[in-house]
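> Structure for the following, please:
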Amino acid sequence: MRSFTSLFVLGALAYAVVADELTEIAPDDVNGLNVTQTIVDSSNSGIDLSLLNCTTDALDFINTAASTANSTAARRRRKRANTGNGIDVHSHFVFPWYQDLVPKTGGNPTPDWTLEDHMSFASSLSITKTVLGSSSPQANVYFGNQALTTAMARLLNISAAAIRSLYPKKFDFFCVVPLPYVNDAIAEAKYCLDTLGGVGITTMTNHEGLYLGNSALTGFWSYVNSRTDKPIIYVHPTTPYMKVNGKFVEANPTTYIPGLVEFYFETARCYMDLSYSGILTKYTNIRWIAAHVGGAFPAILDRMIKSLGPTVEASLKSVYNTRVFWDSAGPTYPSQVKGLLGYSIPKSQLLLGTDFPYAPAGTYVGAVAGLVNDLADFTQTDINNILRNNSVALFGKKLTL
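Take a look at the predicted model:
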């Protein structure tokens, strides 16, 4: 019988061989990003990207994108002037290999997406900078499997970093983290922010049934709060889940697909949880982006917050007015946003978001038009701030502008 040490050495050697095979197809240089080195870094950190059947497809996507971006025609397109200056903070990549893994999102077919389509869309709405994030389920494709979830987070971040490197003036990105696995999430946040160049972190409203205020995740928030770069957390809704008898069960209480309305209630649950648990008030170094102008959260805010007493109410309202930012993805303008503004949330906290390519077809132009044209009490300065200046103030030098 082989000793444990012998088996461990053999396993390590096999892992190293697989990592070497991946580095052979990974590009060394993607406009400054050494993808080969990220594979080596992952291997050295114990992240086995070879566990994912999609890793070679992801590297092929990066290679193809790099070839396209470096073509003569693409260089000419990048030189064309875009007269707009919008910044979209709620927009998504949908890599073809990821679409294959996740054919439905919130019950709807996961949409097709290409870099070219995204850039064309942004140009059509005068958006010059897009901060890309992963929609649901982010890295949580393989429920309960820590190794695969951690590898998926790394692969998504490498792929997003490659896009940013190819088109630094057009794209930045939020880092995906493998919650609920706190130690792995901390390591991934550190690597992605400090090495890959993410401008913030994206989480979901719940990860494998754990909402963000759950005490099991406190170590992650403590780490994020300890960083000196005032991290930005962009929270995206997802399907609600519960763990019953050791199995994950979808907890949507209706017969309608969760993406239709349940995502809005998910955002309400999440920010209620963050408020009740004290996460929002305790970790004062974190800024938050609430999707879809808070979803259903404004509708429950008074009833929720007044049950906590005047001192806590005042403290939380201060957070909502200063450290929580509310994106317009939806469509949410001109009507839904008025519920949020009813709480005297400053207009300086409002950001542009499109939800491309997941929002209902045909709503994008109307959603931006609703923001620009249909709010009588918004000045042109207010609108300009939502479209760009509020995001510049929030992200600062994190964005490549």
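> So which residues of the stretch 101-250 of the chain form helices?
Counting by DSSP state H, counting those that start in this stretch, one finds helices in the stretch 101-250 of the chain at the ranges 115-124, 146-166, 182-191, 218-226.
> Find the residue ranges of the stretch 1-150 of the chain scoring beneath the pLDDT cut-off.
1-21, 24-25, 28, 72-83 (pLDDT under 70).
> Relative to Phe395, which of the helices of the stretch 101-250 of the chain is closest?
With distances scored as C-beta to C-beta, the stretch of the helices of the stretch 101-250 of the chain nearest to Phe395 is helix 146-166 (13.4 Å). Heads up, the C-betas are built off the backbone N, CA and C, glycines and all.
> Which strands or helices does the closest one pack on?
In terms of contacts (3 or more C-beta pairs under 8 Å, 6 or more residues apart in numbering; DSSP states H and E), helix 146-166 is packed against helix 35-44, helix 55-69, strand 127-133, strand 171-176, helix 182-191.
> again, only this time at 6 Å
The contact analysis (3 or more C-beta pairs under 6 Å, 6 or more residues apart in numbering; DSSP states H and E) places helix 146-166 against helix 55-69, strand 171-176.
> Send over the first one as CSV, restricted to the C-alpha atoms.
The reference is to helix 55-69. Provided in CSV are the C-alpha atoms of helix 55-69 (Å, rounded to 0.1, in the frame of the first residue of the first chain):
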residue,chain,number,x,y,z
THR,A,55,-11.3,26.2,-18.5
THR,A,56,-9.9,25.4,-22.0
ASP,A,57,-13.0,27.1,-23.6
ALA,A,58,-12.4,30.1,-21.4
LEU,A,59,-8.8,30.4,-22.5
ASP,A,60,-9.8,29.9,-26.1
PHE,A,61,-12.3,32.8,-25.7
ILE,A,62,-9.5,35.0,-24.3
ASN,A,63,-7.2,34.1,-27.2
THR,A,64,-9.9,34.8,-29.8
ALA,A,65,-10.8,38.1,-28.1
ALA,A,66,-7.2,39.2,-28.1
SER,A,67,-6.8,38.4,-31.8
THR,A,68,-9.9,40.3,-32.6
ALA,A,69,-9.0,43.3,-30.5
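> What helices and strands are in contact with it?
Packing partners of helix 55-69 (3+ C-beta pairs under 6 Å, 6+ apart): helix 146-166.
> Could you check the angle the helix it packs on makes with helix 35-44?
Angle between the axes of helix 146-166 and helix 35-44 is 160 degrees (criterion: axes from the mean of the first three to the mean of the last three C-alpha atoms, to 10 degrees).
> quick one: contacts of helix 146-166?
Outside helix 146-166, the residues that touch it by C-beta atoms under 6 Å, 6 or more residues apart in numbering are 30-33, 38, 42, 47, 49, 51-52, 58, 62, 69, 95, 132, 134, 139, 141-142, 171-173, 175-178, 181, 184, 188, 192, 196.
> The helices and strands packed on helix 146-166: which one's closest to Thr105?
Taking C-beta to C-beta as the criterion, strand 171-176 is the member of the helices and strands packed on helix 146-166 that comes nearest to Thr105, at 14.8 Å.
> So which elements touch the closest one?
Under the contact definition 3+ C-beta pairs under 6 Å, 6+ apart, strand 171-176 sits against strand 127-133, helix 146-166, strand 200-204.
> Out of the helices of the stretch 101-250 of the chain, which is the most enclosed?
Across the helices of the stretch 101-250 of the chain, the average number of neighbours (mean count of other C-beta atoms under 10 Å) peaks for helix 146-166, which reaches a mean of 24.
> can you give me the angle that helix makes with strand 171-176?
An angle of 170 degrees separates the directions of helix 146-166 and strand 171-176 when computed by the same axes, to 10 degrees.
> between helix 146-166 and helix 55-69, how big is the angle?
Going by the same axes, to 10 degrees, helix 146-166 is angled at 10 degrees with respect to helix 55-69.
> let's number from 432 now, not from 1
Sure, I'll start counting at 432 from here, so that last one is helix 577-597.
> distance between helix 577-597 and the chain's centre?
A distance of 12 Å separates the centroid of the chain from that of helix 577-597, by C-alpha atoms, centre = their mean, to the nearest Å.
> Could you do stretch 635-647 as well?
Its chain's average C-alpha position is 15 Å from that of stretch 635-647, according to C-alpha atoms, centre = their mean.
> Then stretch 521-536?
Counting by C-alpha atoms, centre = their mean, stretch 521-536 comes out at 13 Å from the chain centroid.
> what do you get for stretch 766-784?
The gap between the average C-alpha position of stretch 766-784 and the chain average comes to 21 Å, counting by C-alpha atoms, centre = their mean.
> Give me the buried positions along that stretch.
Judged by neighbour count using 16 or more other C-beta atoms under 10 Å, the buried positions of stretch 766-784 are 767-768, 770-772, 776, 778-784.
> can you give me the helices in the stretch 732-832 of the chain?
Ranges of helices in the stretch 732-832 of the chain, per DSSP H, counting those that start in this stretch, are 741-753, 768-772, 795-804, 811-815, 821-826.
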